[in-house]
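Engineer: The following comprises the amino acid sequence and a computationally predicted model.
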Amino acid sequence: MGLFDIFSKKEKKAVLDAGLEKTKTSVFSKLARAIAGKSKVDDEVLDNLEDVLISSDVGVETTLEIIKRIEERVARDKYVNTAELNQILKEEIEALLTKSGNDDKGGFNLPEGQKPYVIMVVGVNGVGKTTTIGKLAYQFAQAGKKVYLGAADTFRAAAVEQLSIWGERVGAQVIKQQMGSDPASVAYDTVSSAKANGADVVIIDTAGRLHNKVNLMNELTKIKKVMQKVEPEAPHEILLVLDGSTGQNAFEQAKQFIKATDVTALAITKLDGTAKGGVVIGISHQLKVPVKYIGLGEKISDLQPFNSRDFIESLFSNTSF
């Protein structure tokens, strides 16, 4: 199911290019200046490339892997000039992302005959979790799917209120209880109601806390087990939302959540406001969890299914070394 078909290819490209502009300008233009006047890819060029990738929050481990791949290319091809570096970088980074489970389809594809398809969303407060849920619900609704939202972040009044507003805005049914209610109870009610009413998709919001890993693990495990009483395979996806503007902090958050629950997919938000877009590459490669969505702005159309090839093409567009 191509959810993002509701927006044209031209619209998607424009949003992607604009959303990554700060990363392109701040980071990759530095590389162009750093290797100006160099005719071939030598040790100095590779050192400069390493510095730029690390400074863009690609991460040390991923950067070293990229450099290693390029060194192998240079050794194999004997002579690689700097004009070829742009294409080589694109090819090697795409290979890393593909190896980590990313593809050129992007987003969630609903399997035939699976109703409701249950997505549990996790992440700390402030990363854009509830907004991501609302925008995702909008895409499903625009694709003709019946959507139910579960307000299982019962510890924060603003989260329930915000989700309710999104539900009204996009035409999704919101299931909620009183503040302080058991989150698992909300999740149970949501999946039960969705199943009884023939819903296609259920998206469960959860509390954005990392105060205690054991408590977090216990809470998320309880939510999963309770939902499975209604839908044995639920949740079909556990989507972790991360704030891309926090760079390596997002990576640390991801590691904590992956330890606490079986994260199957990532959504990385707020890329339009940062020069740290390289974090998308590093997080996916190091954690071996595919990025399914990226947030590129405030508008409802600014949440895009992550297409690794389009992302890399946009990141390196208008960049010549």
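Structural biologist: That came through fine. All figures in this text were calculated on a predicted structure; none of them were measured in a lab.
Engineer: which residues touch residue 41?
Structural biologist: Listed by Cβ atoms under 8 Å, 6 or more residues apart in numbering, the contact partners of residue 41 are 70, 74, 80, 81, 82, 84, 85. C-beta coordinates here come from the backbone N, C-alpha and C atoms, glycine included.
Engineer: ok, and the most crowded of the residues you listed?
Structural biologist: residue 85 (24 neighbours; other Cβ atoms under 10 Å).
Engineer: got the buried residues for the helix or strand where it lies?
Structural biologist: Using DSSP states H and E, the element containing residue 85 is helix 85-99. Residues of helix 85-99 classed as buried by neighbour count (16 or more other Cβ atoms under 10 Å): 85, 86, 88, 89, 90, 92, 93, 94, 96, 97.
Engineer: Which one among those sits at the bottom for pLDDT?
Structural biologist: On pLDDT alone, residue 86 ranks lowest of those, at 81.
Engineer: So which residues of the stretch 201-321 of the chain form helices?
Structural biologist: 213-228, 248-260, 279-287, 308-316 (DSSP state H, counting those that start in this stretch).
Engineer: Nearest to residue 302, out of those?
Structural biologist: helix 308-316 (13.9 Å; Cβ to Cβ).
Engineer: now stretch 116-125: mean pLDDT?
Structural biologist: 95.
Engineer: Could you list the buried residues of that stretch?
Structural biologist: For stretch 116-125, the neighbour count (16+ other Cβ under 10 Å) marks 116, 117, 118, 119, 120, 121, 122, 123, 124 as buried.
Engineer: So which of these sit within strands?
Structural biologist: Taking DSSP state E as the definition of strands, the buried residues of stretch 116-125 contribute 117, 118, 119, 120, 121, 122.
Engineer: pretty sure the second one contacts residue 204?
Structural biologist: Meaning residue 118. Yes - with contacts counted by Cβ atoms under 8 Å, residue 118 reaches residue 204, the gap being 7.0 Å.
Engineer: Touching both of the two, which residues are there?
Structural biologist: Counting by Cβ under 8 Å, 6+ apart, the common neighbours of residue 118 and residue 204 are 191, 227, 235.
Engineer: Show me the strands in this protein, by range?
Structural biologist: Assigned by DSSP E, the strands in the chain fall at 117-122, 147-151, 173-175, 201-205, 237-243, 265-269, 291-295, 303-305.
Engineer: just the ones you listed: most buried one?
Structural biologist: strand 201-205 (a mean of 29; mean count of other Cβ atoms under 10 Å).
Engineer: Show me where the stretch 101-250 of the chain dips below the pLDDT cut-off.
Structural biologist: Low-confidence segments of the stretch 101-250 of the chain (pLDDT under 70): 210-213.
Engineer: Nearest to residue 29 among the buried residues of helix 85-99?
Structural biologist: Residue 29 lies nearest to residue 86 out of the buried residues of helix 85-99, by Cβ to Cβ, at 12.3 Å.
Engineer: Could you measure from residue 265 over to residue 278?
Structural biologist: Using Cβ to Cβ, to the nearest Å, residue 265 is found at 20 Å from residue 278.
Engineer: Could you find the closest non-adjacent residue to the residue most central in space within the chain?
Structural biologist: The C-alpha lying nearest the average C-alpha coordinate of the chain belongs to residue 267 (Cα atoms, centre = their mean; 2.1 Å). Of all residues not flanking residue 267 in the chain, residue 293 sits nearest, at 4.0 Å (Cβ to Cβ, 6 or more residues apart in numbering).
Engineer: How about residue 95?
Structural biologist: Looking at residue 95 with Cβ to Cβ, 6+ apart, the closest residue is residue 69, at 7.4 Å.
Engineer: Understood, closing this out.
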